[in-house]
Structures are given as C-alpha cells and as structure tokens.
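[1] Structure for this input, please:
(one chain, ligands or ions: 1)
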Amino acid sequence: MGAEQEKEEGTTVGIRATVGLEPWGPRDFPVLERSNTPAMTVYLGGPESAEKLATRHAKYLRLVESGEAAMFTVHVDSMADAVGSVGYWQTVWRDAPVYECGWSIATPHQGRGYASAALAACVDHAVDHGDRDLLVAFPRTDNAASNALCRAGGFELSGVEDAEYPPGNPIRVHAWVLDLAERRSNHRHPG
Ligand SMILES: CC(C)(COP(=O)(O)OP(=O)(O)OC[C@H]1O[C@@H](n2cnc3c(N)ncnc32)[C@H](O)[C@@H]1OP(=O)(O)O)[C@@H](O)C(=O)NCCC(=O)NCCS
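    Below is the predicted model:
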C-alpha cells in the first residue's frame with residue numbers, strides 16, 4: 001500500500017447513484033463528527049469525546065501518510081458532503097499480519113446500498129494496493145447491519161471471538177475474513 005492514493009473509481013448503486021471513495025484528507029473531520037451520534041455508535045461504546053475524535057482524525061491522516069492504512073470518505077454523486085467513511089489498516093490476527101476494515105454511513109443515508117458499494121471499492125483497493133493476504137472485520141455479534149454487510153461483501157464467518165471496544169469494554173464479535181490473496185490470484189488468472 002503506497003502513501004499516495006488515487007481517487008477510486010465509482011461503483012453504481014441502482015440506476016441513479018454512483019458511490020466513490022476519496023482518500024482521507026485534512027478537511028474530513030466533519031465526516032467523523034457526523035458519525036459520532038448515539039445512534040451511530042450503539043455498537044461502538046457510544047459517542048467519543050471531542051478530544052478523542054480529534055485524535056482519531058489525526059491518526060487517520062498520519063497512517064494514510066505513512067501507508068499503514070487506507071482510509072476513505074464515501075461520496076455519492078448527487079451529494080455535496082461525504083455520506084460516511086470506509087477503510088482498512090494493518091493489524092495482527094491469530095499471529096499473522098492482516099488488514100482490518102471498518103465503515104460508517106451516516107444515519108440519513110443508510111439502507112440504500114452505499115456501504116455495500118463503498119466496501120466493494122475498499123476491497124478492490126486492498127486487492128490492488130495491499131500486500132497482506134487477509135482482510136478481516138470484527139462487528140459486534142448483535143450488529144445486524146454490519147454482519148449483513150460482511151456477508152453480502154463476500155467475507156466468510158470464521159467464528160465468534162472475545163474483544164474489547166473501546167479498550168477496557170469486553171464485547172463478543174464475529175470474525176469475518178476475506179481472502180485478498182485469492183482475489184489477486186483470480187485477477188491474474190481470470191476465469
Ligand atoms: C453498517 C452500516 C455501515 C451499513 O450501512 P448501509 O449503507 O445502511 O448498508 P447497505 O444499505 O449497503 O446494506 C448492506 C447490507 O446490510 C443489510 N442491512 C442494512 N441495514 C440493516 C439492518 N439494520 N439490519 C439488518 N440488515 C441490514 C442490507 O440489507 C444489506 O444486505 P443485503 O445486501 O444482503 O441486502 C451502517 O448501518 C452504519 O454506519 N452503522 C453504524 C456504524 C457501525 O456500526 N459501524 C461498524 C462497526 S463494525
């Protein structure tokens with residue numbers, strides 16, 4: 001994954017909307033603010049403080065700059081503001097270096113396929129630009145929308161695990177796995 005990320009190609013949803021990704025930038029703090037509501041953070045331990053949110057924004061910028069993460073804002077062609085965010089970052093799972101991904105689509109824009117389109121574009125980016133074999137996601141077991149998103153996005157359910165989110169708060173999560181190496185190999189040997 002290089003530090004420089006080009007604008008991603010759009011993915012068409014239905015017959016009208018095109019969903020595209022743009023690399024996280026210095027002006028994207030409001031995207032985090034819009035996703036920091038009680039409704040949006042039910043499965044994430046509740047809204048973060050203003051200080052923690054600012055730290056998160058700075059961390060996204062730093063990791064994108066260093067190439068340790070690929071974080072994006074999600075855009076729908078007809079709307080001025082980003083509808084949410086998606087991205088992946090380096091982590092270790094079961095003693096192996098992998099990428100973990102995450103997502104957020106603001107409440108007024110949910111249920112229209114935007115997360116599915118954004119995740120598909122994010123997976124394509126990890127296939128094309130990443131150098132790790134697996135992409136994993138850990139939605140809380142009761143997060144119906146995120147679990148449905150993983151299933152629809154081609155991830156396979158690997159099992160239920162104990163986790164902490166935020167740190168210090170024990171939760172049960174589904175471990176979803178997508179084989180990036182297999183996708184790369186399919187790209188090289190189509191059909
Ligand atoms: C998860 C989230 C990104 C989904 O965004 P979205 O744009 O509404 O999702 P989509 O419309 O693309 O739908 C994706 C899949 O989830 C399903 N889905 C969406 N909302 C759902 C819900 N509330 N319950 C069950 N399934 C749901 C859709 O039917 C679709 O599955 P399908 O293709 O099999 O029909 C959004 O709910 C969100 O931001 N939640 C809060 C943040 C969060 O929990 N982040 C993840 C932490 S792991």
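
[2] Okay, now the unreliable bits of this protein?
    1-9, 14-16, 189-191 (pLDDT under 70).

[3] Show me what from it comes close to the ligand.
    40, 43-44, 102-105, 110-116, 139, 143-146, 148-149, 152 (CB under 6 Å from any ligand atom). In short, each C-beta sits where N, CA and C put it, glycine included.

[4] 8 Å instead, please
    35, 39-44, 83-84, 102-107, 109-119, 137-140, 143-149, 151-152 (CB under 8 Å from any ligand atom).

[5] Sitting in helices, which of those do you find?
    114-119, 144-149, 151-152 (DSSP state H).

[6] any chance of these in JSON lines, with neighbour count too?
    Putting these into JSON lines (neighbours: other CB atoms under 10 Å) gives the following:
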{"residue": "Tyr114", "neighbour count": "24"}
{"residue": "Ala115", "neighbour count": "25"}
{"residue": "Ser116", "neighbour count": "18"}
{"residue": "Ala117", "neighbour count": "23"}
{"residue": "Ala118", "neighbour count": "31"}
{"residue": "Leu119", "neighbour count": "27"}
{"residue": "Ala144", "neighbour count": "11"}
{"residue": "Ala145", "neighbour count": "14"}
{"residue": "Ser146", "neighbour count": "21"}
{"residue": "Asn147", "neighbour count": "19"}
{"residue": "Ala148", "neighbour count": "13"}
{"residue": "Leu149", "neighbour count": "20"}
{"residue": "Arg151", "neighbour count": "13"}
{"residue": "Ala152", "neighbour count": "13"}
